[in-house]
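Participant: only geometry, no sequence info:
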């Protein structure tokens, strides 16, 4: 019997079934597009920005599952469950501590990264975090001469006397501060135009390590996506040479393939390793009700162990500071 042949009383029920089925499939469309884009690294245009919100989409995928089950739409329920499972595989491990977090024997060191937002961040708060948490190495981004002077006035150089500053007006400057002497130190300008201070550090009683303050170009406009991707590809890979720590504002989350590819060279994301990979580090933006995303990272060479991570808000910057407790193997 067709709908047109149905008795008048049956027609509303048939229409409701069609509406419910259409609603279920419409709810599935965003997730069905998002999941393969995230998995295979389709990051063209503004889509690269949307991918930063993948954890929120992962939670939302439970809605189509529930609606499909309520509507008794078996095919849609199966597809929705499959998509939700895929998202779960991608994002749930971030809240679960890894069984293998690298070497637990060695010398403990504490590292911290902070984007200073054009050096408007409260220098006294930054120095208090360094002092209270006994930070050994600090990486800063969006570091200007004004910010350098403010940190010095707040007493940073009495705690971390060795430094590699590369301050510049605007957002392109960066710097490193250390409790321990540098064996070598310099700064390089990435293709996006940002300085990345770097140094080799002889950790007392442990191995010499390489540390870099990372700040790729932000994919704020479609024309900037290729530069952003190139900057991430050009970061120092983990394999070979000294054990390494890259930390800073990567302008990328674990849902961006270029960052995952960098990690695959032999790094661990410290927050992800200890089950704190969902903690947002950037946002809200200018008071907008946009949920925070995780673009500030400490990437630790697999030859270095990860013990813990803390994330701290700082006044006058839209980034949160990330502190990681790591174990450097003995020489």
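Facilitator: Looks like it arrived, so ask away. Since this is a predicted model, take the numbers as computed values, not measurements.
Participant: Identify the residues contacting residue 206.
Facilitator: 106, 107, 109, 328, 329, 330, 331 (CB atoms under 8 Å, 6 or more residues apart in numbering). (Glycine included, C-beta is placed from N, CA and C.)
Participant: and with 10 Å instead?
Facilitator: 106, 107, 108, 109, 180, 243, 304, 327, 328, 329, 330, 331 (CB atoms under 10 Å, 6 or more residues apart in numbering).
Participant: now swap in residue 307 and tell me
Facilitator: 101-102, 104, 108-110, 270, 273-274, 324-327.
Participant: Show the backbone phi and psi for it.
Facilitator: The phi/psi pair for residue 307 (degrees, to the nearest 10) reads phi -100, psi -50.
Participant: Look up how far residue 103 lies from it.
Facilitator: 10 Å (CB to CB, to the nearest Å).
Participant: what sits in contact with each of those two?
Facilitator: Residues touching both residue 307 and residue 103 comprise 326, 327, with contact defined as CB under 10 Å, 6+ apart.
Participant: still on that earlier bit, could you dump the contacts of residue 206 into JSON lines with distance to residue 159, secondary structure and pLDDT added?
Facilitator: Putting the contacts of residue 206 into JSON lines (distance: CB to CB, whole Å; DSSP: H, G, I helix; E, B strand; the rest coil; pLDDT from 0 to 100) gives the following:
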{"residue": "106", "distance to residue 159": "23", "secondary structure": "coil", "pLDDT": "95"}
{"residue": "107", "distance to residue 159": "18", "secondary structure": "strand", "pLDDT": "97"}
{"residue": "108", "distance to residue 159": "17", "secondary structure": "strand", "pLDDT": "97"}
{"residue": "109", "distance to residue 159": "14", "secondary structure": "strand", "pLDDT": "97"}
{"residue": "180", "distance to residue 159": "12", "secondary structure": "coil", "pLDDT": "97"}
{"residue": "243", "distance to residue 159": "24", "secondary structure": "coil", "pLDDT": "97"}
{"residue": "304", "distance to residue 159": "22", "secondary structure": "coil", "pLDDT": "98"}
{"residue": "327", "distance to residue 159": "21", "secondary structure": "strand", "pLDDT": "98"}
{"residue": "328", "distance to residue 159": "19", "secondary structure": "strand", "pLDDT": "97"}
{"residue": "329", "distance to residue 159": "25", "secondary structure": "coil", "pLDDT": "92"}
{"residue": "330", "distance to residue 159": "25", "secondary structure": "coil", "pLDDT": "90"}
{"residue": "331", "distance to residue 159": "25", "secondary structure": "coil", "pLDDT": "71"}
